[in-house]
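Engineer: what follows is a predicted protein model with its sequence.
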Amino acid sequence: PKKKKKKTSFSLLLFAMADDTALYKVSECLVAALECNAPFQLLTPREKLYAHFIGQASAEGSKICLFQTSHESPALFELFQRIFARQTVEEAAAVLEEAERPHLLNYVASFLGNLGNYKSFGDTKLVPALPEDRFAHFVTSSTAYQEQPVVQELWQAVRPVLYDLRESLRSLGFAGDGVSTYYSHGATKEDAMTVQAVMDRHNLNAYNTRLFISRNGHNKKNYELRVASAEAKTGDVFANPDPDGSWECITVKYGDYAPVMQRVVANLEQALKYVANDTQAAMLQDYIASFRSGDIEKHMDGSKHWIKDKAPSVESYIGFIESYRDPLGVRAEWEGFAAIVNKEVSKKFGTLVDAAERFLPLLPWPAAFEKDKFLRPDFTSLEVLMFGSSGVPAGINIPNYTFRQTEGFKNVSLANVLRASLAFPEGEVVTFLAASDQELYKATVGESFDVQVGLHELLGHGSGKLFTENADGSLGFDANTVNPVTQDKVASWYRAGETWESKFPAIGSSYEECRAECVGIFLSVQAEVLQIFGFEGKRAQEITYINWLHMARAGLLALQFFTPGKGSAGWGQAHMMARFAILQVMLEAGQDFVRIVHGDKEQSGGKGTHVLLDRSKIMTVGVPAVGAFLQKLQVFKSTGDFQQGKAMYEKYTTVSDDMLALREEVIHNRKPRRVFVQHVTKATDNNADVNILSFEPTPEGMIKSFQARFSPADDELVALWRQDKDKTNPLL
């Protein structure tokens, strides 16, 4: 659509209409089960114990996510655990009217499924649909509240903020735009950038850190850079060389989340007894050293061993991994998983790896912008046994460290997550699709998404070169390389100590997801790719069509993750911001390749808005348009050209008035994202065997699974929360 003159009053009116409290209230919770019982039973007793202890380490570490989300999340978690430990779900909820109970249980299950009171996918606040006085009645009537003063303390602390939907509390972000407990309350982007600049100069990685601020007697800021580790100590102190500057010093302190990190270490030490080979042993030893000391270099060493652990029966990864939820995009959320390799399904991914070097030259950038050597990764299909983080992805390409250019990486597709995520109840109408696309979409999207995940992870995240300068001043690329966008010699690159995350702050995660998504749809038209996944002829064409249509529809659905009035900071989810950009590229291509059609209720539910994509123009219009965009994404990334990359990305992620007008309809027709109830494993006496427990895919089942997995009362967690509650409280 043509750019219209700015209509501020109209936009604000739409915002007021669409952005009411209903967007944040949890009126429904869709729970799906990550079924892994059958694969688990095929493991040997030794493999079961290895999986169990890796899963335990991942689960205990996942409590860190609570402290990375909001001031109230750790307290709410402990409140719920203690209440449901003293009474069954049915008994505790019985104090409410029957019609009120689903609102309570939906909220608790959503909270547990996101490991916090902000969505893991979208970063917006979760608020109970149950009226505040009735929620208070549930808490204060509970046996735990009556018996335990600590429960009373927790409730009094969280009650003022639980329902608070003032603008600054609606989403995650820096002070003024949202809340983030990667930082003490009041920390700004400028504070984070100031400290990051010092960290870059001293080659310090921010993945496992938080940043807290205090003031000295002269009202100058003192920054405390906290490093996650089981052992506490004070590290380096960096003084401000400018005596007139606004800050005095940066002090590195180790021991953040120390009690939790100690549990992670203890479980990994148990897992070490049951490794399958020396590579796994070396990997775990380095992880243990890293989590004990806070040394991120040791985690890098462990990750290098992990890359070399090819085709294990039990796959895992653990640590501070993804930086999506940090508003600066440099601090990473805790993530750990234990999964069982599906060797049969993994064969097709192995075939894709074998063919990768034939597909890489098809990507729309010169060979100089591709890695000097393709390092064949392990690419497996996994059945998740335990995934400990705020959310569970469908696929992963890790590690994220820059050495992946020389050491390689791994790809995993989480098969039971894909199955659970893309199941459609009988008779369900898919929103924003034409009636003519409904049947094919529901029958095909699971298989097409499988193709997209494979291409996204292996050839999306796994492709492209970073132009770097070494510490000695030598270049890791040919200085005469021509930039295909400017047709001049490359004029920018990554200096020693700079990383993708530090070079592309805030937008980096979404930008990279956009690049990988573009690679996926760009290559999904290739017949050889589709043959690898078992699709030929008409079925192959249907897979390609639905893959492109699914991406276009996702771009429209992305509007529910955008908050007007904040610019690019208004995007609350990296992947959805990326998909919106791709939709804009498709629309910009013109020739009626992609259209958003309004008002035909016979074609789609709600107000009848739906996305149409002309499948006959995918090759002639879609592929060239996405290819041109993808080339720029890669070139700006390779050369570290943040200014050009940011300008282009902001162009395609800016929400026009026309799109903003659709946001209300998207929100009105939104469906909650599924949360997953997972198995719990229990080792028998003397670790003779491991039992596996299963739970119903209901809110009640989610609550019961957490009761089975964790202790009924975690005093150390409460102590950690008390330690910083005044520093992270957004109401103080």
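Structural biologist: Nice, thanks for sending it over. Numbers count the residues shown, from 1 in each chain.
Engineer: residue contacts, residue 493?
Structural biologist: Residues in contact with residue 493 (Cβ atoms under 8 Å, 6 or more residues apart in numbering) are 466, 467, 468, 469, 475, 477, 639, 640. (Glycine included, C-beta is placed from N, CA and C.)
Engineer: how about a cut-off of 6 Å?
Structural biologist: By Cβ atoms under 6 Å, 6 or more residues apart in numbering, the contact list for residue 493 reads 467, 469, 639, 640.
Engineer: the residue found closest to it once you drop the neighbours it is linked to in the chain: how many residues sit nearby?
Structural biologist: Using Cβ to Cβ, 6 or more residues apart in numbering and skipping the chain neighbours, the partner closest in space to residue 493 is residue 467 (3.9 Å). Residue 467 has 22 neighbouring residues, counting by other Cβ atoms under 10 Å.
Engineer: the stretch 301-450 of the chain: helices as residue ranges?
Structural biologist: 343-359, 404-407, 415-421, 435-455 (DSSP state H, counting those that start in this stretch).
Engineer: out of these, nearest to residue 114?
Structural biologist: Nearest to residue 114 among the helices of the stretch 301-450 of the chain is helix 415-421 (15.1 Å), distances taken as Cβ to Cβ.
Engineer: output the closest one as PDB, restricted to C-alpha atoms.
Structural biologist: Only the C-alpha atoms of helix 415-421 are listed here, as PDB (Å, rounded to 0.1, in the frame of the first residue of the first chain):
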ATOM      1  CA  ALA A 415       9.600 -33.300  16.600                       C
ATOM      2  CA  ASN A 416       7.200 -33.600  19.500                       C
ATOM      3  CA  VAL A 417       7.000 -29.900  19.800                       C
ATOM      4  CA  LEU A 418       6.100 -29.500  16.200                       C
ATOM      5  CA  ARG A 419       3.400 -32.200  16.500                       C
ATOM      6  CA  ALA A 420       1.900 -30.700  19.500                       C
ATOM      7  CA  SER A 421       2.000 -27.100  18.200                       C
END
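Engineer: what average pLDDT does that helix get?
Structural biologist: Here helix 415-421 scores 94 as its mean pLDDT.
Engineer: again, but for stretch 725-732
Structural biologist: Stretch 725-732 shows a mean pLDDT of 94.
Engineer: for this structure, give me the ranges with low pLDDT.
Structural biologist: Residue ranges of the chain with pLDDT under 70: 1-20, 601-606.
Engineer: show me the contacts for the residue positioned nearest the centre of it.
Structural biologist: For the chain, residue 324 is the residue whose C-alpha lies nearest the centre (Cα atoms, centre = their mean; 5.5 Å). Residue 324 is in contact with 509, 574, counting by Cβ under 6 Å, 6+ apart.
Engineer: now rank the contacts of residue 493 by neighbours and give me the top one.
Structural biologist: residue 639 leads the contacts of residue 493 on contacts (other Cβ under 10 Å) with 24 neighbours.
Engineer: that one and residue 461, how far apart?
Structural biologist: From residue 639 across to residue 461, the span is 18 Å (Cβ to Cβ, to the nearest Å).
Engineer: quick revisit: how far away is the residue nearest to residue 493 from residue 647?
Structural biologist: Distance, residue 467 to residue 647, by Cβ to Cβ: 19 Å.
Engineer: what of residue 607?
Structural biologist: Counting by Cβ to Cβ, the separation of residue 607 from residue 647 is 34 Å.
Engineer: distance check, residue 728 against residue 152.
Structural biologist: Counting by Cβ to Cβ - residue 728 and residue 152 are separated by 21 Å.
Engineer: more neighbours: these two, which one.
Structural biologist: residue 728 (25 against 16).
Engineer: for the more buried one, give me phi and psi.
Structural biologist: Main-chain dihedrals, residue 728, degrees, to the nearest 10: phi -110, psi 0.
Engineer: next up, the contacts around residue 284.
Structural biologist: 268, 272.
Engineer: list the buried residues of the helix or strand in which it is found.
Structural biologist: Assessed by DSSP states H and E, residue 284 sits inside helix 278-293. Within helix 278-293, the residues that qualify as buried are 279-280, 282-293, counting by 16 or more other Cβ atoms under 10 Å.
Engineer: pipe the contacts of residue 493 into TSV and attach secondary structure per row.
Structural biologist: Output for those, formatted as TSV (DSSP: H, G, I helix; E, B strand; the rest coil):
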residue	secondary structure
467	coil
469	strand
639	coil
640	coil
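Engineer: quick one: which two of these are the most distant?
Structural biologist: Among those, 469 and 639 lie farthest apart (Cβ to Cβ), at 11.8 Å.
Engineer: no further queries at this time; thank you.
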